[in-house]
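Peer 1: Everything below, folded, please.
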Amino acid sequence: MGEAAPTVYVVDDDPDVLKAIERLLQSVGLSVATFPSPHRFLEGYDRNAPGCLVLDLALPGLSGLELQRVLEQQASLLPIVFLTGRGDIAASVQAMKHGAADFLTKPVDDTELIAVIHEALARDQALRSARLERERLAGCLAALTERERQVLELIVAGKLNKQIAAELGTVEKTIKFHRANLMHKMGVRVVVDLVKLAERAGVGSAPRT
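Peer 2: The predicted model follows:
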């Protein structure tokens, strides 16, 4: 089974805005869930599901920027498209600093909003794919024995089997055995792919973002 279809979450305290955006997005085949307040959204959204958030900036109780901080603390990947009727430059700067996908001023052009939402959904998909890859790599590394990890680090450093054996105080045949095992666990068939994968996981260097 494939991944569930993404949902566009919309949070705005104006019911007319919610209805208008819901109709617009449904007209282009997007799944929409609307909420009249940040608190209702936090109670009702699925943090593991794909999608994006269209969020009003000025909301009673918990502002749009405050909700953004809450999601940030939850390590949410949900891209946020902010809407505001005031064109608050300072707020937009803060929103973008904290990773907002975009910042649009009401009244929003329908075509622009749809385009921005599609970009946010594509960003969400890319972020989720990257996180899954990081988790997969972490799982592969966790499956290695201590000696396999040592061999991997020396392979990434460019050492040959004979050199690795000498450094670890063993014979080349044993290093070949460990190398075959760790390549199987890492899901690769050639050393070049092993090195690339290990470097992406941060083995032998600072982790790459």
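Peer 1: Now the helix or strand containing Arg128: buried residues?
Peer 2: If you go by DSSP states H and E, Arg128 is part of helix 110-142. For helix 110-142, the neighbour count (16 or more other Cβ atoms under 10 Å) marks 113-114, 116-117, 120-121, 123-125, 128, 134, 137, 140-141 as buried. Quick note: C-beta positions are derived from backbone N, CA and C, even for glycine.
Peer 1: from those residues, which is closest to Ser76?
Peer 2: Using Cβ to Cβ, Asp124 comes nearest to Ser76 of these, at 10.2 Å.
Peer 1: Please verify my assumption that that closest one contacts Leu77.
Peer 2: Yes: using Cβ atoms under 8 Å, Asp124 is in contact with Leu77, at 6.3 Å.
Peer 1: where along the chain do the strands fall?
Peer 2: Using DSSP state E, the strands found in the chain span residues 7-11, 31-35, 51-56, 80-84, 102-105.
Peer 1: Please put the alpha-carbon coordinates of the last one into PDB.
Peer 2: The C-alpha atoms that make up strand 102-105 are tabulated as PDB, following Å, rounded to 0.1, in the frame of the first residue of the first chain:
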ATOM      1  CA  ASP A 102       5.500  31.000   2.400                       C
ATOM      2  CA  PHE A 103       3.700  34.100   3.600                       C
ATOM      3  CA  LEU A 104       0.700  35.400   1.700                       C
ATOM      4  CA  THR A 105      -1.400  38.500   2.300                       C
END
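Peer 1: Check the offset of that strand from the chain's centre.
Peer 2: Offset of strand 102-105 from its chain centre (Cα atoms, centre = their mean, to the nearest Å): 21 Å.
Peer 1: Which strands and helices lie in contact with it?
Peer 2: strand 80-84, helix 89-97, helix 110-142 (3 or more Cβ pairs under 8 Å, 6 or more residues apart in numbering; DSSP states H and E).
Peer 1: Show me what the shortest one is packed against.
Peer 2: Spelled out, that is strand 80-84. Against strand 80-84 (3+ Cβ pairs under 8 Å, 6+ apart) you get strand 51-56, helix 64-73, helix 89-97, strand 102-105, helix 110-142.
Peer 1: What strands line up against the shortest one, and which way round?
Peer 2: This means strand 102-105. strand 80-84 (parallel) (DSSP bridges).
Peer 1: report the angle between the axes of the partner strand and helix 64-73?
Peer 2: 170 degrees (axes from the mean of the first three to the mean of the last three Cα atoms, to 10 degrees).
Peer 1: List the contacts of Val32.
Peer 2: By Cβ atoms under 8 Å, 6 or more residues apart in numbering, the contact list for Val32 reads Thr7, Val8, Tyr9, Val10, Ile21, Glu22, Leu25, Gln26.
Peer 1: Turn the strands of the chain into TSV, columns for mean pLDDT and distance to Val171.
Peer 2: As requested, those are arranged in TSV below (pLDDT from 0 to 100; distance: least, Cβ to Cβ, whole Å):
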stretch	mean pLDDT	distance to Val171
strand 7-11	96	57
strand 31-35	96	59
strand 51-56	95	54
strand 80-84	90	57
strand 102-105	86	59
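Peer 1: Please identify the deepest-packed of those strands.
Peer 2: Highest mean neighbour count among the strands of the chain (mean count of other Cβ atoms under 10 Å): strand 51-56, with a mean of 26.
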